[in-house]
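Asks: Attaching a predicted model along with its sequence, questions to come.
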Amino acid sequence: MDVRTEDSIGDRLRIVVDRIARAARSAGRGKDVKLVAATKMVSPEQIRTAIEAGLRFAGENRLQEALPKIRALQGLPIRWHFIGQLQRRKVRDVVGAFDLIHSVDSVELAYEINRRAEAAGFQQDILVEVNVGEEPTKAGFNADRLEEIVPELGGLTHIRVRGLMTIPPQVDDPERARPYFSHLRRLVD
């Protein structure tokens, strides 16, 4: 969200939302596709302008940067997602501050989130990270372990598994990333 004027935020947001809608229609998808704007290094004022222009989901991967933004924009129609790797020592501060945690990459992390959510008296929504590219340098569960892992996580009473997420291998051509997302979709189904 590299923007210079308030007007351009709204204009750029409309362009991106329109492109997403066209791509979703061409792929036979409906309104289930959502834009999560990464707001790293974006001021609360810029995020407020984006909210006024229709942004509903913001993603942050740095807790120290996110919490002041969340407080500054409290009460506005925005849902906060924790994107990126979550360290177990930061779970206490992330649980409850974010509507959705994107990158649950281990059973131990899920149990810690469950424990913290139970202590706070609510359920935390999560996405299970899958390493579809089977890259040794990336976090996430191997696809062949999901049938064992997801039921175990689903049995935890204070987290809700809302879906799967992945970060495919870095490629030059976006079309070369498509098979990884197709594989993830088959795993969801």
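Replies: It's in. Numbers count the residues shown, from 1 in each chain.
Asks: show me what contacts the closest residue to Trp80 other than its chain neighbours?
Replies: Using CB to CB, 6 or more residues apart in numbering and skipping the chain neighbours, the partner closest in space to Trp80 is Phe98 (4.8 Å). Bear in mind the C-beta positions are built from the backbone N, C-alpha and C, glycine included. When contacts are counted by CB atoms under 8 Å, 6 or more residues apart in numbering, Phe98 touches 60, 66, 80-82.
Asks: domain ranges for the chain?
Replies: The chain is divided into the following domains under automatic domain parsing: 1-80, 84-189.
Asks: show me where this protein has strands.
Replies: Ranges of strands in the chain, per DSSP state E, are 37-38, 57-60, 79-82, 100-104, 124-129, 159-165.
Asks: Dump those strands to a markdown table, plus mean neighbour count, distance to Glu148 and mean pLDDT.
Replies: A markdown table is the format used below for the strands of the chain (neighbours: other CB atoms under 10 Å; distance: least, CB to CB, whole Å; pLDDT from 0 to 100):
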| stretch | mean neighbour count | distance to Glu148 | mean pLDDT |
| --- | --- | --- | --- |
| strand 37-38 | 17 | 32 | 96 |
| strand 57-60 | 21 | 29 | 98 |
| strand 79-82 | 22 | 25 | 98 |
| strand 100-104 | 23 | 15 | 96 |
| strand 124-129 | 23 | 12 | 98 |
| strand 159-165 | 17 | 14 | 96 |
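Asks: could the ones you listed be laid out in JSON lines, adding distance to Arg115?
Replies: Rendered in JSON lines, the data for the strands of the chain read as follows (distance: least, CB to CB, whole Å):
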{"stretch": "strand 37-38", "distance to Arg115": "28"}
{"stretch": "strand 57-60", "distance to Arg115": "23"}
{"stretch": "strand 79-82", "distance to Arg115": "17"}
{"stretch": "strand 100-104", "distance to Arg115": "13"}
{"stretch": "strand 124-129", "distance to Arg115": "10"}
{"stretch": "strand 159-165", "distance to Arg115": "10"}
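Asks: among the ones you listed, which is nearest Arg88?
Replies: With CB to CB, the closest approach to Arg88 among the strands of the chain belongs to strand 100-104: 11.0 Å.
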